[in-house]
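[1] just need the structure, nothing else, for what follows:
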Amino acid sequence: MNFTANADRGNQSSPYIFILQGFAGNCYFQVSLFMLFLFMYILTVTANASIILLVRTHPQLHTPMYWFLCNLSFLEIWYTTACVPKVLAVLLEKSQAISFLSCLLQMYFVFSLGCTEYFLLAVMAYDRYLAICYPLHYSSIMNGTMSAQLALGSWLCGFVAISAPAYLISSLSFCGRNSINHFFCDIAPWIVLSCTDTQSVELVAFIISFIVILGSCAITLVSYIYIISTILSIPSAKGRQKTFSTCSSHLIVVIIWYGSTIFLHVKPSIKESLDLTKTVHVLNTIVTPVLNPFIYALRNKEVKDAVRKVVSAA
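    Numbers count the residues shown, from 1 in each chain. Have a look, this model is predicted:
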């Protein structure tokens, strides 16, 4: 790795320290954000952990769909944990500094978990496609082995995908400027700060974003085209409503997730609109992880029934 010291230290090399700017505003605004983000972080961890516990303790939820939901909830816990604790420290102005290695690791885990979520959502769409379009063959196709392989493949692909840009970023040099205009170590602010050529990093980041986001989006879109076509062919309105209810929660999560992240990653230049990118990242890394378990709990009959049993037994 190539670390370049500040200008007043000449050409001496030293481990580079970055400063996360966080959010602009007065003390009251910072404290308000801190309280809001802390509340949402606690709620995210609690709600997603509750979903995992609920599925594990109720045999009627031991199906591939809820296996994938457990994977998604587990991912959301670590996805928000990868950046929110540092955000809280930055908002209190207690620890705005972060070393190059810590910054690189944070970036790697945030984006790896983000890529894994794309793959998991695509797998969940494929699962709903099989369940609705091929109900008689669903249990034989989506068995325990297949569902475990699809989940494991999602995790492996997510972490492998970010290895190339992480390696390229580790070789960048930074000359004098060490202030990152973000609340966590995103790729874009690093590229802006680098004093070396970043075209290769931008190109690789764009290609991976294009493949991961649009590739998983294509699988999800095709799955839902067949799903909607099958639902519309059901003669009774009650039958159509019952069938659609099995995938409506996933569809809402997909719309929220893709709506925020396509803007962030599929764009010609990674250096543009840093302030807007930072705002959208709040939705992506803090708001969305807390919404997902509630969407599934409120719109899924089996989950609601399991919650009622827990409440009545308490």
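
[2] for the stretch 201-314 of the chain, just list every one of the helices.
    Applying DSSP state H, counting those that start in this stretch to the stretch 201-314 of the chain gives helices spanning 215-232, 237-245, 248-265, 274-282, 288-299, 301-313.

[3] how close does the residue nearest to the spatial centre of the chain sit to S312?
    Centroid check for the chain by C-alpha atoms, centre = their mean gives G114 as the closest residue, at 3.5 Å. G114 sits 38 Å away from S312, going by C-beta to C-beta, to the nearest Å. C-betas here are computed from N, CA, C, even on glycine.

[4] and F74, by the same measure?
    27 Å.

[5] ditto for L88
    If you go by C-beta to C-beta, the gap between L88 and S312 works out to 37 Å.

[6] do the same with L91
    Where S312 is concerned, L91 sits at a distance of 40 Å (C-beta to C-beta).

[7] who has more neighbours, those two?
    Residue environment comparison for L91 versus S312 gives the larger neighbour count to L91, 23 against 7, counting by other C-beta atoms under 10 Å.

[8] for D197, what are its contacts?
    D197 makes contact with no residue, according to C-beta atoms under 8 Å, 6 or more residues apart in numbering.

[9] for the nearest residue to F23 once chain neighbours are set aside, what are its contacts?
    Sequence neighbours aside, L33 is the residue nearest to F23 in space, at 6.0 Å (criterion: C-beta to C-beta, 6 or more residues apart in numbering). With contacts defined as C-beta under 8 Å, 6+ apart, the neighbours of L33 are 23, 25, 91.

[10] go through those residues and name the one nearest L168.
    Looking at the contacts of L33 and their distance to L168, the nearest is F23, at 28.4 Å (C-beta to C-beta).

[11] in three-state terms, label the closest one for me.
    Remark: F23 carries the secondary structure label coil [criterion: DSSP: H, G, I helix; E, B strand; the rest coil].

[12] wait, it sits on N181?
    No. The pair F23 / N181 is not scored as a contact, 10.4 Å apart, by C-beta atoms under 8 Å.

[13] give me the common contacts of the two.
    K278.

[14] buried stuff in the helix or strand where A151 lies?
    Under the assignment given by DSSP states H and E, the secondary-structure element containing A151 is helix 144-161. Taking 16 or more other C-beta atoms under 10 Å as the neighbour-count basis, helix 144-161 is seen to contain the buried residues 147, 150-151, 154-155, 157-159, 161.

[15] repeat that for stretch 84-103.
    Within stretch 84-103, the residues that qualify as buried are 84, 86-91, 96, 98, 100, 103, counting by 16+ other C-beta under 10 Å.

[16] what is the mean pLDDT for that stretch?
    What stretch 84-103 shows for mean pLDDT is 86.

[17] distance between that stretch and the chain's centre?
    For stretch 84-103, the distance from its own C-alpha centre to the chain's C-alpha centre is 20 Å (C-alpha atoms, centre = their mean, to the nearest Å).

[18] give me the contacts around it.
    By C-beta under 8 Å, 6+ apart, the list of residues contacting stretch 84-103 reads 1, 3, 15-23, 30-31, 33-34, 37-38, 41, 106, 180, 183-185, 190, 285-286.

[19] what about the spatially closest residue to E117 that is not a sequence neighbour, how many neighbours?
    When the adjacent residues along the chain are set aside, E117 lies closest to L75, with 5.9 Å between them (C-beta to C-beta, 6+ apart). The tally of other residues near L75 (other C-beta under 10 Å) stands at 21.

[20] which secondary structure element of the chain has the lowest mean pLDDT?
    Sorting the helices and strands of the chain by mean pLDDT, DSSP states H and E puts helix 274-282 at the bottom, at a mean of 72.

[21] L104 reaches L168, doesn't it?
    No. With contact defined as C-beta under 8 Å, L104 does not count as touching L168 (11.0 Å).

[22] I191 sits in which helix or strand?
    Assigned by DSSP H and E, I191 falls within helix 187-193.
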